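> How does the following fold in three dimensions:
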Amino acid sequence: MALRLSPQRLAATVARSRQLSTFKPRFASSATATSNLPPNLKDEIEKEASLSNADPPSDSQTSRLVNEHLEYMVPTYVRPPPMFQKGEGCYLFDVENRMYLDMTAGIAVNALGHCDPEVTRTLSHQAQTLVHTSNLYHNPWTGALSQLLVQKTVESGAMKDASRAFICNSGSEANEAAIKFARKVGKKLEPTGTKHKLVSFHNSFHGRTMGALSATPNPKYQAPFGPMVPGFEYGTFNDIEGLDKLVTEETCGVLIEPIQGEGGVNVATPEFLDALRARCDEVGAVLIFDEIQCGLGRTGSLWAHASSGVHPDIMTTAKALGNGFPIGATIVTDAVSDKIVTGDHGTTFGGNPLGCRVAHHILTRLSSKELLSEIPSKERRFRAHFDRMRDMFPDIVKEVRGKGLLLGLQLASDPSPVVTAARERGVLVITCGTNTLRFVPPLVISEAEIDRGMEVLEEAMLEVFGKGQKVDKTPGQQEMGSR
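Here you go, the predicted structure:
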């Protein structure tokens with residue numbers, strides 16, 4: 001059941017909804033009111049007339065392509081109907097050539113927007129020069145990217161002892177490297193192998209490979225692939241009192257997201273990170289910060305943990321590092337890299353010149369003071385809209401969490417129908433955690449685009465919660481979405 005508004009609040013909300021604008025003109029359909037068409041066909045026509053981006057019907061080009069391809073694809077995802085074929089800036093265009101404002105950025109990946117011209121030029125030039133040689137040989141860009149990652153990290157005030165980087169292909173691989181490096185440090189400190197346990201936290205998400213999945217403590221995700229890699233233990237996020245019992249002499253590493261993305265946009269308190277750092281130092285454990293989603297400028301600083309004053313021994317990154325090109329990195333201190341020797345870890349594709357050159361270009365831009373300085377005002381813009389939504393829907397909007405352009409809007413009920421209603425009006429949003437809408441737009445989004453997107457979201461929420469209309473759910477809009 002959708003939550004209902006009081007008559008007074010509904011009247012005010014309706015009045016507000018009449019001021020909202022969408023991307024395309026809205027068409028009132030009165031032609032079907034007196035027709036003899038079947039009810040289901042009338043409903044479909046009315047929907048097409050009232051929505052700017054109604055999901056493609058079963059006889060569309062989109063549906064034909066989807067059905068043609070599905071039988072060849074392993075069914076690991078449930079996707080909504082549109083098929084996207086073009087992107088530009090903060091917008092996506094589907095096969096039917098309809099435009100969508102993208103508040104998802106490919107799950108916090110396209111920080112510079114879709115098909116950024118400079119990124120495209122860089123990719124094109126390097127693709128004509130040298131794409132791959134393997135790590136058996138040197139190339140100019142693997143080392144250059146590693147150097148830039150270390151230098152920009154130290155300059156930003158984050159991870160003050162960063163010294164070296166391992167370049168790989170994805171966030172999961174970056175976390176796998178971090179887990180292996182922590183285990184190797186533990187072996188060096190305690191050759192008997194007793195210092196091998198890894199700690200992570202409930203509501204975390206660290207990836208889908210077996211090691212990263214073992215650090216993602218959700219039985220629904222782990223059970224189909226059990227048993228997990230042994231030696232993982234789980235704690236409660238922001239629980240300082242539980243750290244002494246959780247992190248022990250047998251702990252080789254602690255893996256934590258400074259801001260949990262998939263888990264609901266939960267922010268680690270500076271006090272918790274400080275206590276975690278102290279406990280790791282006390283028992284000789286490696287502290288690992290997973291900044292795959294929250295890093296690279298998304299919070300207004302290059303790395304999300306910088307404002308806490310707490311520094312990790314290992315940090316992982318990916319997503320925005322390639323702006324859509326698959327690449328990741330694991331940054332370490334000398335105390336960690338000194339324990340790693342030739343043959344301990346490797347990758348065939350990681351560090352190839354094409355990926356490293358484009359990431360070098362992207363990192364240079366994402367670390368620019370001009371770009372980072374704009375993030376706080378954009379966050380305030382979002383929060384102002386969220387405050388108005390709370391006034392409009394006081395029984396529905398419960399809390400706003402996050403920082404910069406990684407924000408979560410906690411609702412009192414399932415937000416999936418809102419995701420559908422927004423998409424059918426030309427705005428893409430996704431979910432996370434429990435009943436939470438997640439906003440991770442391109443960092444280059446304008447304040448006018450924020451306003452437009454939030455106005456459409458208000459209209460979508462009015463459709464779902466104000467009018468009590470039935471709107472279909474949108475399944476699978478989280479990286480580890482329900483089956």
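> Pull out the buried positions in the longest helix along the chain.
The longest helix of the chain (DSSP state H) is helix 369-392. Residues of helix 369-392 classed as buried: 371-372, 374-375, 378-379, 381-382, 385-386, 389-390, 392 (neighbour count, 16 or more other Cβ atoms under 10 Å). For glycine as for every other residue, the C-beta is placed from the backbone atoms N, C-alpha and C.
> Let me have those in JSON lines, extended by distance to Glu241 and pLDDT.
Listed next are these as JSON lines, based on distance: Cβ to Cβ, whole Å; pLDDT from 0 to 100:
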{"residue": "Leu371", "distance to Glu241": "39", "pLDDT": "98"}
{"residue": "Leu372", "distance to Glu241": "35", "pLDDT": "98"}
{"residue": "Glu374", "distance to Glu241": "39", "pLDDT": "98"}
{"residue": "Ile375", "distance to Glu241": "33", "pLDDT": "98"}
{"residue": "Lys378", "distance to Glu241": "36", "pLDDT": "98"}
{"residue": "Glu379", "distance to Glu241": "31", "pLDDT": "98"}
{"residue": "Arg381", "distance to Glu241": "37", "pLDDT": "98"}
{"residue": "Phe382", "distance to Glu241": "33", "pLDDT": "98"}
{"residue": "His385", "distance to Glu241": "37", "pLDDT": "98"}
{"residue": "Phe386", "distance to Glu241": "32", "pLDDT": "98"}
{"residue": "Met389", "distance to Glu241": "35", "pLDDT": "96"}
{"residue": "Arg390", "distance to Glu241": "32", "pLDDT": "96"}
{"residue": "Met392", "distance to Glu241": "39", "pLDDT": "94"}
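> you'd agree Ser170 is up against Thr316?
No: look at Ser170 against Thr316 with Cβ atoms under 8 Å: they stay out of range, at 10.2 Å.
> Name the residue in the two with the higher neighbour count.
Counted by other Cβ atoms under 10 Å, Ser170 and Thr316 do not tie: Thr316 has more neighbours, with 32 against 20.
> Contact partners for Leu366?
Ala111, Leu112, Leu296, Gly297, Leu302, Ala320, Leu443 (Cβ atoms under 8 Å, 6 or more residues apart in numbering).
> what about burial for the residues you listed, which qualify?
Ala111, Leu112, Leu296, Gly297, Leu302, Ala320, Leu443.
> Can you tell me which of those is closest to Met103?
Checking these against Met103 by Cβ to Cβ gives Leu443 as the nearest, at 12.2 Å.
> my read: that closest one touches Ile375, true?
Yes: at 6.7 Å, Leu443 and Ile375 qualify as touching, with contact defined as Cβ under 8 Å.
> so what's in contact with those two at the same time?
Gly297, Arg298, Leu405.
> before we move on, the earlier item: let's have the buried residues of helix 369-392 in a markdown table, adding distance to Gly226.
Below are those laid out as a markdown table (distance: Cβ to Cβ, whole Å):
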| residue | distance to Gly226 |
| --- | --- |
| Leu371 | 43 |
| Leu372 | 42 |
| Glu374 | 45 |
| Ile375 | 40 |
| Lys378 | 42 |
| Glu379 | 40 |
| Arg381 | 44 |
| Phe382 | 39 |
| His385 | 43 |
| Phe386 | 39 |
| Met389 | 41 |
| Arg390 | 41 |
| Met392 | 45 |
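> And those residues, which is closest to Val119?
Distances from Val119 to the buried residues of helix 369-392, taken by Cβ to Cβ, are shortest for Leu371, at 13.9 Å.
> Against Ala304, how distant is the closest one?
Relative to Ala304, Leu371 is positioned 15 Å away (Cβ to Cβ, to the nearest Å).
> repeat for Asp102
22 Å.
> Could you tell me which residues make contact with Leu130?
Leu130 touches Asn139, Pro353, Leu354, counting by Cβ under 8 Å, 6+ apart.
> Could I get those residues in CSV, plus columns for distance to Gly263 and neighbour count?
Below are these laid out as CSV (distance: Cβ to Cβ, whole Å; neighbours: other Cβ atoms under 10 Å):
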residue, distance to Gly263, neighbour count
Asn139, 37, 18
Pro353, 36, 20
Leu354, 33, 21
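> of all the contacts of Leu366, which two lie farthest apart?
Applying Cβ to Cβ across the contacts of Leu366, the maximum distance is between Leu112 and Leu302, 14.5 Å.
> in whichever helix or strand Leu213 is part of, what counts as buried?
Using DSSP states H and E, Leu213 falls within helix 210-214. Neighbour-count burial for helix 210-214 flags Gly211, Ala212, Leu213, Ser214 (criterion: 16+ other Cβ under 10 Å).
> which one among those gets closest to Pro415?
Scanning the buried residues of helix 210-214 for proximity to Pro415, where the rule is Cβ to Cβ, the winner is Leu213, at 25.4 Å.
> mind saving the C-alpha coords of stretch 64-77 as PDB?
The C-alpha trace of stretch 64-77 is given here as PDB (Å, rounded to 0.1, in the frame of the first residue of the first chain):
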ATOM      1  CA  ARG A  64      12.700  -6.700 -30.400                       C
ATOM      2  CA  LEU A  65      16.500  -6.200 -29.800                       C
ATOM      3  CA  VAL A  66      16.200  -7.100 -26.100                       C
ATOM      4  CA  ASN A  67      14.300 -10.400 -26.900                       C
ATOM      5  CA  GLU A  68      16.700 -11.200 -29.700                       C
ATOM      6  CA  HIS A  69      19.700 -10.900 -27.300                       C
ATOM      7  CA  LEU A  70      18.400 -12.300 -24.000                       C
ATOM      8  CA  GLU A  71      18.700 -16.000 -25.000                       C
ATOM      9  CA  TYR A  72      22.500 -15.600 -25.400                       C
ATOM     10  CA  MET A  73      23.100 -13.800 -22.100                       C
ATOM     11  CA  VAL A  74      23.700 -15.400 -18.700                       C
ATOM     12  CA  PRO A  75      20.700 -14.000 -16.600                       C
ATOM     13  CA  THR A  76      22.700 -12.200 -13.900                       C
ATOM     14  CA  TYR A  77      20.700  -8.900 -14.200                       C
END
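> Can you give me the buried ones in that stretch?
Buried, per 16+ other Cβ under 10 Å, within stretch 64-77: Val66.
> Could you name the helices and strands sitting against the longest helix of the chain?
helix 7-17, strand 397-403, strand 406-411, helix 447-461 (3 or more Cβ pairs under 8 Å, 6 or more residues apart in numbering; DSSP states H and E).
> immediately after the third one, which helix or strand?
Yep, that's strand 406-411 we're talking about. Next along from strand 406-411, by DSSP H and E: helix 416-423.
> just the helices in the stretch 251-400 of the chain please.
Using DSSP state H, counting those that start in this stretch, the helices assigned to the stretch 251-400 of the chain run over residues 270-283, 334-337, 353-366, 369-392.
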